[in-house]
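Predicted model follows, preceded by the sequence.
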Amino acid sequence: FGQLGSGISGHVAAFRLSDGGEHAVKLVPKVFSSPATALHIVREMRIMRHVRHPNIVALREVHVDRPGFDDVYLRQELLDTSLQAFVQKSGVALAEKEVRHVLYQMLRGLLCLHTAGILHRDIKPSNVLCNGSGLVKLADFGSSRVVGAADERELLQQPLLTQYVVTRYYRAPEVVLALGDYGKPVDIWSVGCILGEVLQQRVLIKGKDSLDQVVRIVRVVGTPAQEDLAWIKPGSCALGFLRHCSLDSDGKPFPSTLGQVTAGSPAMAEMLASLLRFSPDRRLTVREALDHGLFGEFRSEADPFVAAAESTPSFDAGYEDKLLEAMGRTPFDESPFRREILQVRR
């Protein structure tokens, strides 16, 4: 009874079943059109079956329309709207307490993923769903993967940023600069970008392309200190470009402008700056963020949903070995992916 969204990983619509129940159904068409598409749908199904938490959208059922299927349907729980729709269409700024509650729930869901060893890799306002009672859930795991897992792009000889085309505004510096491997801090950066967007009711860092995104990051978070650049290889093009764009026309470093976003709240300002530290090694972990003084009223140490997130078992990505092997074959062998989808469907 309504189109909810469309993206690179599929199309989502709302449906009302004969029993009156309402659900979101994600259609992933032509799942075997490329090795990467096939791997991503298997990962998404596997991850959603594994993580069960109130702040993560639940997968109810997987459907294929025939034995020799090409399309996969994921039936998920339905929420009223997304954070993107709320920010863009409501025109109403959230009170600080409401912002804290949204951020806290996002972090609880992310804690569940990170405890399991899973990177979301595509946290953005359209993938943060919410309802009228204030419940917030992370959605869309089509780009997710396990920390340290083999990267399919190396096998396929694809550019590092292939799957980030649509979500540039929420990319961490290490992703924009294409500096190779990255980990959990990329999700923390994305959460920080969303926090800034909710606070000021517009995109926080809006670059026109990847290089411009780096320039705008520097002008929002401020010129990185020397210790914030220690993780970048000396003599690299990335380091050279950063030094080129880190000084104004008078040769002075850019100050951070994040304080203008937080409306005079010291705790909120500290949180935003801590999520958006230029160096991934210096950003807060998700657990450190939950323990921040900004959330004192929520008492994370006594929160059963924080405890539930921390008890999430590690996600075993061993099933991917045979899939990654199949991805490297010419022509592409889709049979292991079909078997995997049918197995997860049961």
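Sure, I can see it. Residues are numbered from 1 along each chain as shown.

What is the end-to-end distance of stretch 266-284?
17 Å (CA to CA, to the nearest Å).

Pull out the buried positions in that stretch.
For stretch 266-284, a neighbour-count test (16 or more other CB atoms under 10 Å) marks 268-269, 271-280, 283-284 as buried. (Each C-beta comes from the backbone N, C-alpha and C, glycine too.)

next one: stretch 23-40
The neighbour-count check on stretch 23-40 (16+ other CB under 10 Å) flags 23-26, 28, 31-32, 35-40 as buried.

Closest to S82 out of these?
Using CB to CB, A24 comes nearest to S82 of the buried residues of stretch 23-40, at 11.0 Å.

Confirm that closest one sits in a strand?
Yes. Counting by DSSP: H, G, I helix; E, B strand; the rest coil, A24 is located in a strand.

Okay, and the beta partners of it?
A14, Q76 (DSSP bridges).

quick one on the thing from earlier: output the buried residues of stretch 23-40 in JSON lines; the columns should cover distance to G117.
Below are the buried residues of stretch 23-40 laid out as JSON lines (distance: CB to CB, whole Å):
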{"residue": "H23", "distance to G117": "29"}
{"residue": "A24", "distance to G117": "26"}
{"residue": "V25", "distance to G117": "28"}
{"residue": "K26", "distance to G117": "24"}
{"residue": "V28", "distance to G117": "24"}
{"residue": "V31", "distance to G117": "25"}
{"residue": "F32", "distance to G117": "27"}
{"residue": "P35", "distance to G117": "23"}
{"residue": "A36", "distance to G117": "21"}
{"residue": "T37", "distance to G117": "23"}
{"residue": "A38", "distance to G117": "22"}
{"residue": "L39", "distance to G117": "17"}
{"residue": "H40", "distance to G117": "18"}
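
so where's the stretch 1-150 of the chain uncertain?
Residues of the stretch 1-150 of the chain meeting the criterion pLDDT under 70: 1-9, 149-150.

And the helices in it?
35-50, 83-85, 96-115 (DSSP state H, counting those that start in this stretch).

and those helices as a markdown table, adding distance to V175?
Formatted as a markdown table, the helices of the stretch 1-150 of the chain follow (distance: least, CB to CB, whole Å):
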| stretch | distance to V175 |
| --- | --- |
| helix 35-50 | 17 |
| helix 83-85 | 20 |
| helix 96-115 | 17 |
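
Quick check: which of these is nearest to F332?
Nearest of the helices of the stretch 1-150 of the chain (CB to CB): helix 35-50, 5.3 Å.

Packing partners of the closest one?
strand 59-63, strand 72-77, helix 152-156, helix 320-327, helix 335-345 (3 or more CB pairs under 8 Å, 6 or more residues apart in numbering; DSSP states H and E).

what about the last one, distance to the chain center?
Think helix 335-345. 25 Å (CA atoms, centre = their mean, to the nearest Å).

same question, the fourth one
For helix 320-327, the distance between its averaged C-alpha position and the chain's averaged C-alpha position is 24 Å (CA atoms, centre = their mean).

Many thanks, we can stop here.
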